[in-house]
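[1] Structure of the sequence below:
(4 chains)
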Amino acid sequence: MKYYIINAEGREVSFDLSVLPKSNSESFRKVLVSQGQGDEKEYLLKNLAGKIFVSEDQTTWKKLPKTKVAESLVNINDAIKVYRGYKPSGLGQANAGNLVTDMPGKIVKVLTSEGAVVSEGDTLVILEAMKMENEIKSGIDGVVKSVHVEEGQVLESGYLMIEIEE
Amino acid sequence: MKYYIINAEGREVSFDLSVLPKSNSESFRKVLVSQGQGDEKEYLLKNLAGKIFVSEDQTTWKKLPKTKVAESLVNINDAIKVYRGYKPSGLGQANAGNLVTDMPGKIVKVLTSEGAVVSEGDTLVILEAMKMENEIKSGIDGVVKSVHVEEGQVLESGYLMIEIEE
Amino acid sequence: MSKRVLVCNRGEIAIRVAKAVKELGHIPVGFWTDNEPNAPHLEYCDIWVHLPGSDNTSTYLNMDLILSKIDEYKIEAVHPGYGFLSENTVFAKKLEDKGIIFIGPHAEAIEKMGDKAVSKQVAKDAGVPVVPGSVGEVDSIEEAKKIAADIKYPVLLKAVAGGGGKGMRVCNDDKELEKNFEPVRREALSSFGNPGLLVEKFIVNPHHIEVQIIADKKGNVFHCFERECSVQRRHQKIIEEAPSPFIADDEEVRQKICETAVQLAKEVSYDSAGTVEFIMGEDKSFYFLEMNTRIQVEHPITEEITRVDLVANMIKAAFGEPLDIKSQDDVKILGHAIEYRICAEDPVTLLPAPGKVESFDYTFPQGVRFDHCIYPGFEVRPEFDPMIGKLIIVGLSRDVALRKAEVALHNLHLDGIKTNKALHEIITKEENFVAGKYSTHYISEIKPVERVETLKSDEALILKALSMEMNYMRDGNEVLHY
Amino acid sequence: MSKRVLVCNRGEIAIRVAKAVKELGHIPVGFWTDNEPNAPHLEYCDIWVHLPGSDNTSTYLNMDLILSKIDEYKIEAVHPGYGFLSENTVFAKKLEDKGIIFIGPHAEAIEKMGDKAVSKQVAKDAGVPVVPGSVGEVDSIEEAKKIAADIKYPVLLKAVAGGGGKGMRVCNDDKELEKNFEPVRREALSSFGNPGLLVEKFIVNPHHIEVQIIADKKGNVFHCFERECSVQRRHQKIIEEAPSPFIADDEEVRQKICETAVQLAKEVSYDSAGTVEFIMGEDKSFYFLEMNTRIQVEHPITEEITRVDLVANMIKAAFGEPLDIKSQDDVKILGHAIEYRICAEDPVTLLPAPGKVESFDYTFPQGVRFDHCIYPGFEVRPEFDPMIGKLIIVGLSRDVALRKAEVALHNLHLDGIKTNKALHEIITKEENFVAGKYSTHYISEIKPVERVETLKSDEALILKALSMEMNYMRDGNEVLHY
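    Modelled structure (predicted):
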């Protein structure tokens, strides 16, 4: 799972995060984090009583703040955007031409395709979330540059579904 | 959403539960419960500070125990099985011929179809859960009576995927 | 038999009051407003009543609306908490007229003591020393200047109906008095629905010491000793402790100030929980400041050192039931308690900082009580008080309490909003505070927070991501999808 | 400077100890075992050490393995909690030899007092009245019968190394003595790793009253007054209170029993927290029963009425630091505390009932402390003590405490496992308990729980389903899917 983190000052950290399969004998998860070749680090993560703990040596553990907010983490004086999986263009400021999920959901229908000419207000995607079908409309007139979703796909928040160029 | 509840003594309660769309002005969810024609009742449900409250008159509220266990609810001296959506044959005792999800997941592949002759140990479904692909195998030799899942489908626990007849 | 008791407030105090209502076998009724549909105090209430509107004037300060709800929902008693309508005589009277029990003192006591101008006169008549200043309300800047000239600058300009530091300003000369007069009037009006102002002598390097009173309807008036509330910023208390480290073991002064408070309360046949506030000079001479005719934010530290449940007893008093205390001898001090007000504010600018709590967690040592209204997802709204929690630490001695406080503060984690936690941590280690040597000017004397360590390293960011990843795994393990 | 302190236990006491270790600025080290990889006490520990194995004999009772881990992880001090190795002289000695601090009394004190046979002799020598019975260990049924014949039936058969009611049985005649001898031996061996047994006179309608001791290495020995532990079932305490409603305001007896305890502790130059247990007849005459040379399950009620942090002071004593208490006068009683042991047991059969906690929630009144190790998903294992939490209620008086207790118990919700909550609720309303009139036979006298209301109505089932539905909605709102 590729991660992109952009903080308020626009500084970007990107890394690869892979959760290793859990063997029954282990009560924790092993996670590999790579910020580029050679630079790979293993973390051990454990969920204990609904709280999350991290360790590098399986002995010394510290609790991680359990953030419940999906697409954005806000520190005491530092706002951060986190994207999982697909790296959106426009980074932090997903604009009217970038259709980003603002809640987790499942793609019911994709009503457009790359190259299609769309105008503001056109429904391009139907996203099922909270048991309701939400029509995701284009914010601008333009041409569909790319479609990153397919029907049946389950998405997290902050996931860029469609990019439109004016 | 159809519900089937079978308690330890085998007594079964089944009802239709439909969550009405939430209007922005409301901070709670309206749920209709029907145990058969005429007998319909509206409940109001509210999630407050991660706890769940129920009301019938929007004034008097009481807290519901927040059960985290998906397919089975165990009361202080009463074991209950709950099925959502699809009613499995075999009710409580799903047997080796009934492939029931024991964890939530997403169908990656369906490797069989109705009428197919299968033998014990054949992998019939690949279910992705916990980021791992799980091979769901037949527990008996027999003929596939019905397939209730399709690829890409996201399932809860206790969901009957495939029924096999000996 | 159980009564419907309206908890006419929100936030942590509404939770505290609802707990007491339930403890006494009654039915807590709570309000929710459009700007706070998920008000956490509802969890402790059996009946939820909607107050339409998103600003306090149209909700928690909207007397007529509240009175109509009281009729509609057959409320039998009302606890006002603090702030809002807690010291509003009109409200108390209207309830009295309806035959509804107001959980507070009788209206006349509020009128006399809740009103600073009148209470000062009552104190004078009772022979209780008071700070020189205006006898009644000051209606014009001219009058204010005349009084200031009499009692000499610096003077304190404050709202008649005020309390908790809101609607207060120190003025060192006519110019400052002119500059502040109108703003304070406006603040008084918006915060308390009453623009009346007072002018009084401002005492240098004072201690704010207050005495807790609990009284019933049969003429029993008891004190629960004093609280030291001198750690203030802009006249807003931020740390309180009991007993006072300034009075320390001077039992003579302790007895004198506590008995003075009881005497004053008896003067108005006080019949509920209340607080008599004094200003104490460095020679331990004290002047009556005002009386708060309501439960106070800092009541828990008194509860912790005396074990007297003030809120429960306040309710029992209102219902004409006997108090848990039978005689003054039942009230003893054991241990030392400190309260830290946890406020959503910018640690650098020190201004209120609304926001949404994204993560909330703590691991406290034994001996910590946390009265709060926080949960992950809780929204701190600009319309409401930024004070969202009170961390109360109690130990056998002040040293023990400080030992526990340091660890408790360190292990309180609030993410998503800015808080004054760092300020509390600095104060808890600051030598003068540790020595118990501070006046109300303490905060302006010690170094404020300059910068709070921020989420800088890549590692820190990665760990955040790991935390999220783990969340998905956990929830994914429990959740059913549609 | 901070030391690595091994919390050599699990469950609620491991959490309590780890809190104290952190409070004092040290580093808590915790164990986890294969049968409890998600041990909740780890949350309070900075260092987690794996003890392979799934039964206590190969883990928490495995001295050699634990000693090797102590070396491997450079542990500097060990707190044993209660049970397991907490009163094992060999363990204490081995630590002493390694130069590792054992947070408990010096080995000789454990040997003398931890061993019931020897302690009885020590008491006799010190002029402390004791219950007639065997002077030393009873190795054979013949010897047991001989002693029984001397002191007359009924007699009590109990484990030398025992405590907390485990390994105890009343025998009314030779036949019962024969029947019980071997089983109790086995229980003693499996529970405490020591098969030694004692035989003593069984006193009718007794009160179990114990005195809390806290002492340092400089010869200071203080008492923190008494606890009434007469609400027992099968010699297992289930409700304790402090002070004793039986001693009540008989200060003479209170002083006498407390001073006797101090005298005995001084006899063995006791230097830690410990408890001297007495059996008190209805004429308030008392006999020394045994001394527990460890922290006890019920220590919180003493902490709540005296504000003395027993666990923290126990650690300070072991480190040779001064106690929070400077003189006996620093220890005073304020208020009344009651502890309810929340156990995973069948409310009807009263047998331990392991299981998985599926939902856990509470809304307590002010004045409640809950020491527990419960979380949704927590598994109560048959290998471990079914006691999973201690609900501690404190109020200004016993009446106030009972008022709060009733509401607290009612609002404690544990689903998925069977608990003794219903039993506690019945007792809290039972007239003799309310009146404070009960002996150790109380439980066998009152009506036990016959049936606990079960999830019957369709509506109840439907509400469960609604709760689930709502969970999915909520989590669906937060969770990201893969």
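[2] And residue C:219, how far from chain A?
    According to CB to the nearest CB, to the nearest Å, residue C:219 stands 52 Å off from chain A. Bear in mind the C-beta positions are built from the backbone N, C-alpha and C, glycine included.
[3] Do I have it right that that residue meets residue C:269?
    Yes. The criterion here is CB atoms under 8 Å, and residue C:219 meets it with residue C:269 at 7.0 Å.
[4] of the two, who's got more company?
    Neighbours per residue, other CB atoms under 10 Å in any protein chain shown: of residue C:219 and residue C:269, the larger number sits with residue C:269, 14 against 10.
[5] quick one, phi psi at that one?
    phi 40, psi 60 (degrees, to the nearest 10).
[6] mind checking pLDDT for it?
    The pLDDT attached to residue C:269 in the predicted structure is 96.
[7] That one contacts residue C:220, correct?
    No. Residue C:269 is beyond contact range of residue C:220, at 10.9 Å (criterion: CB under 8 Å).
[8] can you list the weak-confidence ranges in the chain?
    Chain wasn't specified; assuming chain A. A:1-12, A:22-25, A:37, A:66-96, A:102-104, A:129-133, A:156-158 (pLDDT under 70).
[9] Let me rephrase: I mean chain C.
    Ranges of chain C meeting pLDDT under 70: C:163-165, C:447-457, C:468-482.
[10] pull the longest strand from it.
    strand C:221-233 (DSSP state E).
[11] tell me the contacts of residue C:93?
    Residues near residue C:93 by CB atoms under 8 Å, 6 or more residues apart in numbering or on different chains: residue C:107.
[12] Please identify the helix or strand for it.
    Using DSSP states H and E, the element containing residue C:93 is helix C:89-98.
[13] Just the residues contacting the helix or strand following that helix, thanks.
    Downstream of helix C:89-98, the next assigned helix or strand under DSSP H and E is strand C:101-102. Contacts with strand C:101-102, where a contact means CB under 8 Å, 6+ apart, come from C:3, C:76, C:77, C:78, C:80, C:91, C:92, C:95, C:96, C:318, C:319.
[14] Does residue A:117 touch residue A:143 like I think?
    Yes. Using CB under 8 Å, residue A:117 makes contact with residue A:143 at a distance of 5.6 Å.
[15] Out of the contacts of strand C:101-102, flag the one nearest to residue D:336.
    Distance to residue D:336 across these (CB to CB) is lowest for residue C:319, with 23.2 Å.
[16] In contact with that closest one, which residues?
    Contacts of residue C:319 (CB under 8 Å, 6+ apart): C:3, C:77, C:101.
[17] now the second one: how far from chain D?
    Summarising the geometry, the distance separating residue C:77 from chain D, computed by CB to the nearest CB, is 18 Å.
[18] Counting neighbours, what do you get for that residue?
    Residue C:77: 20 neighbours (other CB under 10 Å).
[19] Tell me how far it lies from residue C:59.
    20 Å (CB to CB, to the nearest Å).
[20] Give me the residue at the spatial middle of chain C.
    By CA atoms, centre = their mean, chain C has its centre lying nearest to residue C:297, at 2.4 Å.
[21] Distance check, it against chain B.
    From residue C:297 to chain B the distance is 22 Å (CB to the nearest CB).
[22] Could you pull up phi and psi at that residue?
    The phi/psi pair for residue C:297 (degrees, to the nearest 10) is phi -50, psi -50.
[23] Now it: closest residue in space, sequence neighbours ignored.
    Spatial nearest neighbour of residue C:297, chain neighbours left out: residue C:82 (6.0 Å); criterion: CB to CB, 6 or more residues apart in numbering or on different chains.
[24] Please, which helix or strand holds the residue nearest to residue C:220 when sequence neighbours are not counted?
    Counting by CB to CB, 6+ apart, residue C:220 lies nearest to residue C:323, which is 6.7 Å off, once chain neighbours are set aside. Using DSSP H and E, residue C:323 falls within no helix or strand.
[25] repeat for residue C:199
    Per DSSP H and E: strand C:197-201 holds residue C:199.
[26] Against which helices or strands is that strand packed?
    helix C:141-151, strand C:155-163, helix C:174-192 (3 or more CB pairs under 8 Å, 6 or more residues apart in numbering or on different chains; DSSP states H and E).
[27] Packed most tightly, which of those would that be?
    strand C:155-163 (a mean of 24; mean count of other CB atoms under 10 Å in any protein chain shown).
[28] helix or strand right after that one?
    Heading C-terminal from strand C:155-163 (DSSP H and E), you reach strand C:166-171.
[29] Could you give the number of residues near residue C:232?
    Residue C:232: 20 neighbours (other CB under 10 Å).
[30] Tally up the residues packed near residue A:155, please.
    Neighbours of residue A:155 (other CB under 10 Å): 24.
[31] Over to residue C:56?
    Neighbours around residue C:56, by other CB under 10 Å: 19.
[32] quick one: contacts for it?
    Counting by CB under 8 Å, 6+ apart, residue C:56 has contacts C:84, C:383, C:384.
[33] Highest neighbour count among those residues?
    Counting by other CB under 10 Å, top hit in the contacts of residue C:56: residue C:84 with 24 neighbours.
[34] Surely that residue is in contact with residue C:63?
    No. Counting by CB under 8 Å, residue C:84 does not reach residue C:63; the two are 10.0 Å apart.
[35] does the helix or strand hosting residue C:19 come close to chain B?
    Per DSSP H and E: residue C:19 is located in helix C:11-23. No. Using CB under 8 Å from any CB of the partner chain, helix C:11-23 stays clear of chain B, coming no nearer than 10.5 Å.
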